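S.K.: Please work out how this folds:
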Amino acid sequence: EALTMTHPGWIWSIAFSPDDQLLASASTNGKARVWNVNTGLEEFSVKSHRRSVQFVTFSPDGKLLASGGRDNDIFLTDVLTRVSTPLPRRHTHHVNSLSFSPNGNFLLSGSNDGTIIVWDVKSKREVARHDTNPEKELNDADIWAVLFGSDNETIYFGGMNNKLSKFNFVTKKSSLISELGGDLTSLALNKDFSILSATASDENIIFYDPANDKSLAKFQGHSSDAMSSSFSPDGKTLVTVGADKYIKYWNLRTNTQTVMIPAHDKHIHAVRFSNDGTLVASCGWDGKVKIWRSSLRKSNFDTPPITN
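M.R.: Down below sits the predicted model:
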């Protein structure tokens, strides 16, 4: 079963709050909306962006919602007061991805301008920058995914250059982890930071060991671009979505697909497990946000979604 919420436009990103009471979504209509997970009703919206909102994420303590968009801006919204504060405009192109450090002290932003910026959350100042495209080759400059590692210093990133790389913003050391068969579309870490998942436009999901950057496994996950993945809290299950409009569940002990759901009418762009593992949220270019209430032991997706 599912709750279905309508957010006009293409929906690029979704994020659960740490307590799983709220779900945020980012849309081309220029708004980030925050939904009540239990009722499917809108709690509030962020209207500060002047163009499409590309990414949303909650801080680890749940007090802030970060949003980035095609207006090159990043806003931090206080979830309690609902007041949005802009960060200084440092990117010269779309902001596609954001990531809070596990300790909540830093925010990471990745942009089509080829730069990754580390922000101090308290002072709202830039503290580090990594230019991934110093030659300014615009064809492969876009950064589509950034993610902090467990040490609050290591940054995983990639995009249109078909590469997965990492950068330590304290030591300034960078290295290539892997060449991919297509654009890198998203990154995810399991709860104990022992497995890194990368989805790519060549339909594959690839797994890496962050301790040594070794490739662990590869799933040919979708019949079109693989767009997003998310680990269950116990680390036993991965859920993925793609441009083929399907949500797929994978058993990570047997490396087999267990459930396949035709979930949206158009391209699905993002998927997230809730922090307690009882819910899965998905969003896509059909302007829908869906919260699936399911059992991981068997498929409970035979009932049509409930439209709010």
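S.K.: gap between S186 and I261?
M.R.: 19 Å (Cβ to Cβ, to the nearest Å). Backbone N, C-alpha and C define where each C-beta goes, glycine included.
S.K.: Of those two, which one has the most company?
M.R.: A count of neighbours by other Cβ atoms under 10 Å puts S186 above the other of S186 and I261, at 25 against 21.
S.K.: OK, contacts around that one?
M.R.: W144, A145, A198, T199, M227, S228, S229, A270 (Cβ atoms under 8 Å, 6 or more residues apart in numbering).
S.K.: cool, L64 as well?
M.R.: Contacts for L64 (Cβ under 8 Å, 6+ apart) come out as F58, L76, T77, D78, V79, V121.
S.K.: Which of those residues fall within strands?
M.R.: With strands defined by DSSP state E, the entries of the contacts of L64 inside them are F58, L76, T77, D78.
S.K.: Can you tell me which of the contacts of S186 lies closest to T254?
M.R.: The nearest member of these to T254, counting by Cβ to Cβ, is S229 at 17.1 Å.
S.K.: Give me the below-cutoff pLDDT ranges for the protein.
M.R.: The model of the chain has pLDDT under 70 over residues 1, 136-140, 294-308.
S.K.: Give me the helices and strands touching whichever strand or helix holds S99, please.
M.R.: Per DSSP states H and E, S99 falls inside strand 95-100. With contacts taken as 3 or more Cβ pairs under 8 Å, 6 or more residues apart in numbering; DSSP states H and E, strand 95-100 sits against strand 53-58, strand 64-69, strand 106-111, strand 143-148.
S.K.: Quick check: neighbours of it in the sheet, parallel or antiparallel?
M.R.: strand 106-111 (antiparallel) (DSSP bridges).
S.K.: Just the endpoints, please. Distance across stretch 37-46?
M.R.: 17 Å (Cα to Cα, to the nearest Å).
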